[in-house]
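Asks: predicted structure and sequence below. I'll ask about it afterward.
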Amino acid sequence: MADVQSLLAANEKLSQEVLRASADQIDQVREVQNLPGAVVPTTLVYAARVVPSPKIKLNLDFGMAQAAGRTMPGVDLKPRLQFGMGVSFGF
């Protein structure tokens, strides 16, 4: 029974280290100089890092940003939802 409990505890610890989630907000200046009426909203970023194995220094990163879309009437920058990913490997 003790072996099963230690195995479950080790498995739970490993599963916690496999996926790391994060979120961030980036505050920009609300008004743009020399562009009256333009407003830049706060950018939100959601990200996840997957570490397939603690023995290998490999990270898979995925993220989504909610960036400025409509900054003023008639102006849509169109980057509202952006997706990004990255892979890093340590030697």
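Replies: Received, thanks. Residues are numbered from 1 along each chain as shown.
Asks: which residues of the chain fall in strands?
Replies: Along the chain, the segments classed as strands by DSSP state E run 19-26, 43-50, 58-66, 70-72, 75-76, 81-89.
Asks: isn't F83 right next to G63, touching?
Replies: Yes. Counting by CB atoms under 8 Å, F83 touches G63, with 7.3 Å between them. In this view, the C-beta of every residue, glycine as well, is placed from N, C-alpha and C.
Asks: more neighbours, those two?
Replies: Neighbours around F83 and G63, counted as other CB atoms under 10 Å, are more numerous at G63. The numbers are 17 against 8.
Asks: can you list the strands of the chain in TSV and add mean pLDDT and distance to G37?
Replies: Below are these laid out as TSV (pLDDT from 0 to 100; distance: least, CB to CB, whole Å):
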stretch	mean pLDDT	distance to G37
strand 19-26	79	22
strand 43-50	86	20
strand 58-66	88	22
strand 70-72	78	5
strand 75-76	79	9
strand 81-89	89	24
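Asks: wait, which of the ones you listed is closest to L35?
Replies: Between L35 and the strands of the chain, the shortest gap by CB to CB is with strand 70-72, which sits at 7.6 Å.
Asks: show me what stretch 71-84 is in contact with.
Replies: Contacts of stretch 71-84 with the rest of the structure, by CB atoms under 8 Å, 6 or more residues apart in numbering, involve 32, 35, 37-40, 61-70.
Asks: narrow the residues you listed to those that are buried.
Replies: Buried subset of the contacts of stretch 71-84 (neighbour count, 16 or more other CB atoms under 10 Å): A38, V40, G63, A65, Q66, A67, A68.
Asks: and of the residues you listed, the nearest to Y46?
Replies: Using CB to CB, G63 comes nearest to Y46 of those, at 6.6 Å.
Asks: I figured D24 hits T42, correct?
Replies: No. Applying CB under 8 Å as the test, D24 and T42 come out as separate, 10.5 Å apart.
Asks: OK, contacts around L58?
Replies: Here L58 is in contact with V51, P52, V87, S88, F89, G90 (criterion: CB under 8 Å, 6+ apart).
Asks: how about these in a markdown table, adding distance to L77 and neighbour count?
Replies: Shown next, in a markdown table, are the contacts of L58 (distance: CB to CB, whole Å; neighbours: other CB atoms under 10 Å):
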| residue | distance to L77 | neighbour count |
| --- | --- | --- |
| V51 | 34 | 15 |
| P52 | 36 | 10 |
| V87 | 28 | 9 |
| S88 | 29 | 10 |
| F89 | 34 | 8 |
| G90 | 36 | 7 |
